[in-house]
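what's the 3D shape of this:
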Amino acid sequence: MLDGVSLDQLRTFITAADEGSFSAAARKLNRVQSAVSGWVSSLEDQIGVMLFDRSAKFPKLTPAGVLLLADARNIVAGVDTLKARARQMTSGVEAELSVVVDVCFPTSVVSAVAKAFAVRFPLTPLRLFVEALGAAYQPVLDGRCSLGILPPLPQTFPSLLSERLGEVPLVAVASASHPLARFARRIPRSELSKHRQLVLSDRSELTTGRDFAVASPTTWRLADLSTKHAFLKDNVGWGGMPLHMVEKDIAEGTLVVLDVDDMPRTGFVLTMSAFHRPSQPPGPAGVWFINQLKAEWRQPYLV
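Take a look at the predicted model:
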């Protein structure tokens, strides 16, 4: 008998409980009172539970009715969500948006866009990964992520299409107490090789055996940028960092920008782009995500 419970019965039950009477529910639902009373009675017969106490002038929920009202609301809300999600899918909106973001991309920008995404696409789950180097490319290449917010690598990926977003400045820094921070003039590159360099490592095999911006034979390799940041401040070594992550430390004097020969005084830049496979172009949610990143990303990061 329970399999025969209909959404109309549940909606009528909920409306009667919310309105406080069958007559008020009838007006709300644009039905006659006898129809409302009949729907509720048939529901009670099917589930074998009295939902309303009808002994007074106005029907009152029984203790069992109070409990089952919450279940009825959940069922109706779930069906409404299913219908809305189905309508969204038929309109071309992705069932899910999966994005991998390079570790150097400003987290505050991603957070702001994700927050707005939840409002704009409340029924589209967002899966977000943060990776570095080849490990950031791998999910896009193998189809696990439909969109990658990534900088270029020395090797190219002809199988991917890209759209430029902007640039992230990178600076070489060290603790204020590090020997390299005490140079009163530009630091010779040869001097860098005398000190331990903290290097971001690749958790994928795409760049196996290749180093990027390594100037010292003595390196410590870290897979996490926040750990590298902490090590730099604790004078474990020197290394490159995205400017937005160390601006406060530089202003406070905790970290010092290293002025190195043959390096731009303002540091290098990483050009960030949105990557996707030609066979998996971004849908409405993905296009919105890319455009929102551009809108949210302001100076000094976007140039």
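
quick check: bridge partners of residue 271?
residue 167 (DSSP bridges).

buried residues of the helix or strand bottoming out on mean pLDDT in the chain, list them for me.
Least confident helix or strand of the chain, by mean pLDDT, DSSP states H and E, is helix 63-90 with a mean of 78. Neighbour-count burial for helix 63-90 flags 65, 68, 69, 72, 88 (criterion: 16 or more other Cβ atoms under 10 Å). (C-beta placed from N, C-alpha, C; glycine too.)

wait, isn't residue 120 in contact with residue 288?
Yes. Contact criterion Cβ atoms under 8 Å: residue 120 and residue 288 qualify, at 6.3 Å.

need the residues touching each of those two.
Both residue 120 and residue 288 lack any common contact, where contact means Cβ atoms under 8 Å, 6 or more residues apart in numbering.

so those two - more neighbours on which side?
residue 288 (19 against 14; other Cβ atoms under 10 Å).

how about the contacts made by that one?
117, 120, 121.

separation between the first one and residue 111?
Taking Cβ to Cβ, to the nearest Å as the criterion, residue 117 is separated from residue 111 by 10 Å.

check residue 190 too.
41 Å.

the more surrounded of the two?
Ranked by neighbour count (other Cβ under 10 Å), residue 190 and residue 111 place residue 111 first, with 12 against 9.

packing partners for whichever strand or helix holds that one?
Residue 111 belongs to helix 107-120 when assigned by DSSP states H and E. Secondary-structure packing of helix 107-120 (3 or more Cβ pairs under 8 Å, 6 or more residues apart in numbering; DSSP states H and E): strand 126-131, helix 284-296.

now it and helix 284-296, what's the angle there?
Per axes from the mean of the first three to the mean of the last three Cα atoms, to 10 degrees, the angle that helix 107-120 makes with helix 284-296 is 140 degrees.

pLDDT weak spots in the protein?
Along the chain, segments meeting pLDDT under 70 span 1-3, 83-93, 206-212, 265-266, 298-303.

domains for it, by residue range?
As recorded under the TED database, the domains making up the chain are 7-91, 97-166+271-297, 167-270.

ok, now which ones touch residue 253?
Residue 253 touches residue 176, counting by Cβ under 8 Å, 6+ apart.

where does it fall, phi/psi-wise?
Here is the backbone geometry of residue 253 (degrees, to the nearest 10): phi 80, psi 10.

what do you get for the one 3 residues further on?
Main-chain torsions, residue 256, degrees, to the nearest 10: phi -120, psi 140.

that one contacts residue 173, doesn't it?
Yes. When contacts are counted by Cβ under 8 Å, residue 256 is listed as touching residue 173 (6.4 Å).

compare the two and say which is more crowded by neighbours.
With neighbours defined as other Cβ under 10 Å, residue 256 and residue 173 compare such that residue 173 has more, 28 against 22.

so the more buried one: helix, strand or coil?
strand (DSSP: H, G, I helix; E, B strand; the rest coil).

tell me the bridge partners for it.
Here residue 173, judged by DSSP bridges, has bridge partners residue 239, residue 257.

check contacts around it.
232, 238, 239, 240, 241, 246, 249, 250, 255, 256, 257, 258.

report the central residue of the chain.
residue 128 (4.2 Å; Cα atoms, centre = their mean).

convert the C-alpha atoms of stretch 229-248 to PDB, please.
Only the C-alpha atoms of stretch 229-248 are listed here, as PDB (Å, rounded to 0.1, in the frame of the first residue of the first chain):
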ATOM      1  CA  HIS A 229      56.000  29.100   2.600                       C
ATOM      2  CA  ALA A 230      56.400  28.000   6.200                       C
ATOM      3  CA  PHE A 231      59.900  26.700   5.600                       C
ATOM      4  CA  LEU A 232      61.000  29.900   3.900                       C
ATOM      5  CA  LYS A 233      59.900  32.000   6.900                       C
ATOM      6  CA  ASP A 234      61.700  29.600   9.200                       C
ATOM      7  CA  ASN A 235      64.900  30.100   7.300                       C
ATOM      8  CA  VAL A 236      65.200  26.500   6.100                       C
ATOM      9  CA  GLY A 237      66.200  27.700   2.600                       C
ATOM     10  CA  TRP A 238      65.400  30.100  -0.200                       C
ATOM     11  CA  GLY A 239      63.000  29.700  -3.100                       C
ATOM     12  CA  GLY A 240      60.400  31.200  -5.400                       C
ATOM     13  CA  MET A 241      56.900  32.100  -4.300                       C
ATOM     14  CA  PRO A 242      53.800  33.700  -5.900                       C
ATOM     15  CA  LEU A 243      53.900  37.400  -4.900                       C
ATOM     16  CA  HIS A 244      50.400  37.400  -3.500                       C
ATOM     17  CA  MET A 245      51.300  34.700  -1.000                       C
ATOM     18  CA  VAL A 246      54.300  36.600   0.400                       C
ATOM     19  CA  GLU A 247      53.300  40.300   0.100                       C
ATOM     20  CA  LYS A 248      52.400  40.600   3.700                       C
END
